[in-house]
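Engineer: Got a predicted structure plus its sequence, pasted below:
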Amino acid sequence: MAQQPLPSSVQPTDVYGGDEVSAIVLDPGYINTRAGFAGEEMPKQVLPSFYGHITSSNRDVFGDQAMYPRADFEIRNYMNRDSVVEDWDAATKIWEHALVNRLGIPRPTPPSKNGLNNKPKPAAEGEDVEMADEADLDETENYEKPMAENPLLMTEAAWNSPKQREKAIEICMENWACPAFWLSKTPVLAAFAAGKATALVLDVGGSNTSVTAIFDGMVLKRSVQRSPVGGVWLSSQIRSLFEASEPKVEVVPTFMVENKKPVEAGQPADARLKTFDFQISPSFRAYEEERVLKEFKESVVEVWRGPGRYLAPGNEDYAKNLPGRVFEMPDGSNQMWREQRFKVAEGMWDDNAAFPGATEEGKITKAQTVPGLIKAALDSIDVDVRPALLANVVVTGSTSLLPGFTDRLNHELTAMFPSVKVKLHAAGLSSERRFGAWIGGSILGSLGTFHQMWISRKEYEENGPGIVEKRCK
Amino acid sequence: MTSRDVHDVLNLPSDHSGAPRPSKKQKTSAPRLNLKGLAREVQNLGGDNPIAIVPEVNFFKKRRFATRKPVAKWELKTFTNSARGDDGALVLRHWKRRTDDGAPPVEGAQDGDGQQQRGGGEGTPASEKREEKPEDSAFAKYNVEVVVPHYTEDQYHSNLQNNDWTKEETDYLLELAKDFDLRWTLIWDRYDFTPKPPGGGGDAANGEDTSTAVVPAPKQRSMEDLKARYYEVAAKMMAVQKPAQYMTRPEFELYEMMQNFDPEQERKRKQFALNTLSRSKDEAREEESLLLEVKRILARTERFNEERRELYNRLDYPATDSDINSFKTSAGLQNLLQTLMSTDKNKKRKSIMPGEGVSPSNNSGVPNSAVSETNPANRRESIAASATSNNHHHHARRDSDARTPATPADPTPTSAAAAAAANKKKGGGAQQPERRKLTQQEEQVYGVSYHDRLGSGPTFRYERINKLYSHKSGQQQLRITNALSELDLPPRLVMPTAAVTAQFEVLWGAVTALVDLRKMSDRLDGEIKIEEAKKAERDRAKGIAAEKEGEKEKGEGGGGGGDGAAAAAAGEGEKAGESIEEGGQTKEDGEKKRPGSSGSLTAAGHKRSASVLSAASDKSSKRQKK
């Protein structure tokens, strides 16, 4: 009975934390850009940060639906591999697309059409015309200020540069005319999403893995550690695995397959490929291949759970005896993956186990592995807070959804810090792990106590974009 | 007409043959509902099974909402947050349940500029609406800010100079402390002070401090450095604003704490913490097991000591120095046997507790043969003890506790037996240690207090003070009263609670001690002056002797040996004369005082003054030697 939700007619008498002001939360990442209203539990809009660029007409197209093979079509990303915005023009467009076109922020109805001014109609003709003019003016103005009523909460990587931050507030204030703005760091929000103010956040994302210590809702700057060991790096490991396996596994993206016939495991594919009468750009192909690899990651790859490393004697033999998983490529060729599926992800933990990538950048050092990052992060902060942080390790980011990831992490951490109590907090829902930072932003943006923090338009006008450095610490 | 009647008419066997009719009637008639539009007779035909006729209802179910209140109205209200400190420049909007029922529905809620029109429609001018202040956020009250010390330029220069810290850096530190609400982890994390190059900033103080042309490298500050500086500044500014003696207790404690901050110790502690953190599992386990071992060893020694004590207690045989001749006869032996028997009866279970073999003082030195005489006394005492222990357990216990150290341990079997008997009478000695030890807080809550010895009958607390007071001489009483009135305290306490009385006694002791000291110092002063005067006189006598010699040589005579003549004569005589006068006065004072002060204190005073006198004379003799 006590669990019944309050009827809408009853106002809660006690002060609970929420006070929604229809703020918008925007969480750009390398793989996805998430957007939605604060106070909701999931982002309404998740669209790829990759966008299509049609070279012939010099036009950008956004969203998954637009990514089909077409002529003169390139795939680009407005973020770089450091999860920092690189192409601000494209970023503005894609964000606007996400917020205005797709999120459907309610635009204020012009007073001439909202029906409220209909009553005192019997008036002079001239007045009417005047009103219409006014309405038109309002409408155009509103169009220029698409988000004039919604405060915007944006996220950024912990290592974002001041220049980037200033650019963000500039766009928000100048282009969209937001009434208020706030810039928050993703690990902080991820910690909030886990309900912690003090936490050690391990964010295993698409292009980066970062470890950040959060103390009382603020990033400890010295602790910020990151490495490229993320989803994209894992894809490159899978490619190396495909290269190394016998026979070589070819990645044929789905769009190229016209039809396929079932074949025995390990047999070459029997499929007819599509032919296009235009050039498929390498970027588009890479993007599509990445999708296949993503599926492979989701369904096959697993983290060696420990205890001990995968390379430790005996473990590999044991892994060989574990039941394998079959993965069928888009072209129909399929194969059973046994111990390889552990080996692929082992590089995240043990630099010796990583496949030597085709390129130099694929190589990682010991400090770039997950345990290395955590150790470095903890070593750089005060000893007094270390136990508190280790008792609140928040795991977020979609690559952390690999099966066995948290088990392994737990083993590694307890081995590293035997005398401290280590407690992991990894959300069970996959969406909560994928959108950790966004959810944290959603919580923050709908908190009643947060509204004193916003950088208001007035403050921006008085102080210029530099205020973001002063306020969002 | 019921179904029964029909049955009767038709001669059908009734299934309820045995049941009496009237009760049946009651049963059937009661629950039946009276259906409209159907004759009663027709209804009754159905008998116990009602006729399946659905009455016609010519209306639908009642409208549910007809009587309900209108739907709750919510409105998009603007609000500001006063915690922002921007005078309501940021106006946000949220949905709120409308409270005033009389107001017409919101009209302008969807307006572009977010202006909300409340109470409109009656023709209130728009300007008035515009002036209406949006309400303040309910969350503004949660904005709490930490108070960091402030200082002016002058205050900094007079109090807070530090070789290691420039003013800018101190400012920067305090600003960070404010920004991060004194969370040192964050302050240290964000601490990034780069001194401005001279001239570039245009700050006068800055120019003074960093006069070198080279940009000094930013110092690496450890968290302890930062803390030490901050606490230094905070403590000093606290003392500047409020001298230490006027601080309240918590303030002073804070002040003390900040003053006593030791960065070195903190550093060591951190080093230790670091070591603990980096212990390997084996080390941790080893340490744990070692700790366990230590605990065990300690417990074992404890037990061992206990056992040993018990053994000693058992081995403590009666060291009697009484004559054994009395036991040599059979009658004597009989007597002894009886005594032993009676003691044996008395101590049914001799529990051996530490310090139990000690008897109460009144029967410590009693010889064996006197046991029969002492026992009743013991009993009486123990009865009294048990009586008190019923009422005030603690008193009794305290009583015995207080007594035990006073009596020399001379355990004879009789006394031990007496003690055991006393314990038994008290209701078992084993009961006492089992009693729960109250914590200090609980003692306060229950009003439990311990006293050395309480006199019989009720007493007033202030009488104790009065007693102290009346013991003093009149002179001292006067002085003490003066001292108390200086402190704005009435000589007789207004509210003599236990705590207040205790405090007052402490204060009283301090005051009397001070008064005594003052007396002492006065006396010493007087004596020193007397000695000085004596010395001066002696010197003068010497000088006169020398003069005499000189005069003899010159041929002039003159035998001025008296005091007055000396005072008038010699060059240094003036000064000496003064001192003599003073000495005389103080001497008088001392004599006046001496008879006034009473009892042992005066004796002590005499003694001490004597020793001081000798010391003073020593001094003077030394001076003379020089």
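Structural biologist: Good, I have the coordinates.
Engineer: next structured bit after the least confident helix or strand in chain A by mean pLDDT?
Structural biologist: Using mean pLDDT, DSSP states H and E, helix A:125-144 stands out as the lowest-scoring helix or strand of chain A, at a mean of 46. Past helix A:125-144, heading to the C-terminal end, the next element that is a helix or strand (DSSP states H and E) is strand A:152-156.
Engineer: Can you give the strand pairings for that next one, parallel or anti for each?
Structural biologist: Strand A:152-156 pairs in its sheet with strand A:24-28 (parallel), strand A:180-185 (parallel), by DSSP bridges.
Engineer: which of those is buried the deepest?
Structural biologist: Ranked by average neighbour count under the criterion mean count of other CB atoms under 10 Å in any protein chain shown, these are headed by strand A:24-28 at a mean of 26. Where you see a C-beta, it was placed from the backbone N, CA and C, and this is true even at glycine.
Engineer: What mean pLDDT does that one get?
Structural biologist: When the per-residue pLDDT values of strand A:24-28 are averaged, the result is 94.
Engineer: do the same with stretch A:155-163
Structural biologist: Along stretch A:155-163, the predicted local confidence has a mean pLDDT of 93.
Engineer: can you check stretch B:57-64 too?
Structural biologist: Stretch B:57-64 shows a mean pLDDT of 72 in the predicted model.
Engineer: could I get the strands paired with strand A:152-156 as a markdown table with distance to A:Ala271?
Structural biologist: As requested, these are arranged in a markdown table below (distance: least, CB to CB, whole Å):
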| stretch | distance to A:Ala271 |
| --- | --- |
| strand A:24-28 | 37 |
| strand A:180-185 | 46 |
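Engineer: wouldn't A:Leu413 be in contact with A:Leu390 here?
Structural biologist: Yes - look at A:Leu413 against A:Leu390 with CB atoms under 8 Å: they come within range, at 6.9 Å.
Engineer: Now do the shared contacts for the two.
Structural biologist: Between them, A:Leu413 and A:Leu390 share these contacting residues under CB atoms under 8 Å, 6 or more residues apart in numbering or on different chains: A:Val422.
Engineer: pLDDT below threshold where in the stretch 251-400 of chain A?
Structural biologist: Scanning the stretch 251-400 of chain A with the threshold set as pLDDT under 70 gives A:357-362.
Engineer: what does it have sitting close to chain B?
Structural biologist: Residues of the stretch 251-400 of chain A found near chain B, taking CB under 8 Å from any CB of the partner chain as the criterion, are A:Ile381, A:Asp382, A:Val383, A:Asp384, A:Val385, A:Arg386, A:Pro387.
Engineer: So which of these sit within strands?
Structural biologist: When these are checked against strands using DSSP state E, none is located there.
Engineer: among the residues you listed, who's most crowded?
Structural biologist: Of these, A:Val385 is surrounded by the most neighbours, 22 neighbours in total, counting by other CB atoms under 10 Å in any protein chain shown.
Engineer: How many residues are close by A:Glu264?
Structural biologist: Other residues close to A:Glu264 by other CB under 10 Å number 8.
Engineer: hang on, it in a strand?
Structural biologist: No - in this structure, A:Glu264 is coil, not part of a strand, as judged by DSSP: H, G, I helix; E, B strand; the rest coil.
Engineer: separation between it and A:Pro403?
Structural biologist: To A:Pro403, A:Glu264 is 27 Å away according to CB to CB, to the nearest Å.
Engineer: And for A:Leu200?
Structural biologist: In this structure, A:Leu200 and A:Pro403 are 22 Å apart, going by CB to CB.
Engineer: Who has more neighbours out of these two?
Structural biologist: Neighbours were tallied for A:Leu200 and for A:Pro403 using other CB under 10 Å; the higher tally belongs to A:Leu200 (32 against 14).
Engineer: give me phi/psi at the more buried one?
Structural biologist: The phi and psi values for A:Leu200, taken as degrees, to the nearest 10, are phi -110, psi 110.
Engineer: Could I get the contacting residues of it?
Structural biologist: Under the criterion of CB under 8 Å, 6+ apart, the neighbours of A:Leu200 are A:Val211, A:Thr212, A:Ala213, A:Ile214, A:Ile374, A:Ala377, A:Leu378, A:Leu389, A:Leu390, A:Asn392, A:Val393, A:Val394.
Engineer: run the last query once more with 7 Å
Structural biologist: Listed by CB atoms under 7 Å, 6 or more residues apart in numbering or on different chains, the contact partners of A:Leu200 are A:Val211, A:Ala213, A:Ala377, A:Leu389, A:Leu390, A:Asn392, A:Val393.
Engineer: In helices, which of those residues fall?
Structural biologist: For the contacts of A:Leu200, the ones inside helices are A:Ala377, A:Leu389, A:Leu390, with DSSP state H as the criterion.
Engineer: Chain B: which of the residues you listed is nearest?
Structural biologist: Chain B has its nearest neighbour among the ones in helices among the contacts of A:Leu200 in A:Leu390, at 9.2 Å by CB to the nearest CB.
Engineer: quick one, strands of chain B?
Structural biologist: Assignment of strands within chain B using DSSP E yields the ranges B:74-80, B:92-97, B:135-136.
Engineer: tally of neighbours for B:Thr501?
Structural biologist: 18.
Engineer: Once you drop chain neighbours, what's closest to it?
Structural biologist: With CB to CB, 6 or more residues apart in numbering or on different chains as the measure, B:Arg461 is the residue that lies nearest to B:Thr501, at 4.6 Å, once sequence neighbours are left out.
Engineer: how close does that neighbour get to B:His451?
Structural biologist: Here the criterion is CB to CB. By it, B:Arg461 lies 12 Å from B:His451.
Engineer: ok, those two, which is more surrounded?
Structural biologist: Taking B:Arg461 and B:His451 together and counting by other CB under 10 Å, B:Arg461 has the greater number of neighbours (17 against 13).
Engineer: how about A:Ile75, phi and psi?
Structural biologist: Torsion angles at A:Ile75 (phi, psi; degrees, to the nearest 10) stand at phi -110, psi 130.
Engineer: Contact partners for it?
Structural biologist: In this structure, A:Ile75 makes contact with A:Phe50, A:Gly52, A:Ser283, A:Phe284, A:Tyr287, judged by CB under 7 Å, 6+ apart.
Engineer: so of these, which ones are in helices?
Structural biologist: Helix and strand membership here follows DSSP H; of these, those in helices are A:Ser283, A:Phe284, A:Tyr287.
Engineer: for the strands of chain B, which one sits closest to chain A?
Structural biologist: Evaluated over the strands of chain B, closeness to chain A peaks at strand B:92-97, with 4.2 Å, by CB to the nearest CB.
Engineer: just the angle between the closest one and strand A:180-185, please?
Structural biologist: 100 degrees (axes from the mean of the first three to the mean of the last three CA atoms, to 10 degrees).
Engineer: which residues make contact with strand B:92-97 from outside it?
Structural biologist: Under CB under 7 Å, 6+ apart, the answer for strand B:92-97 is A:11, A:19-21, A:151, A:451, B:72, B:74-79, B:114.
Engineer: Give me the buried stretch members for it, please.
Structural biologist: When neighbours are counted by 16 or more other CB atoms under 10 Å in any protein chain shown, the buried residues of strand B:92-97 are found to be B:Leu92, B:Arg93, B:His94, B:Lys96.
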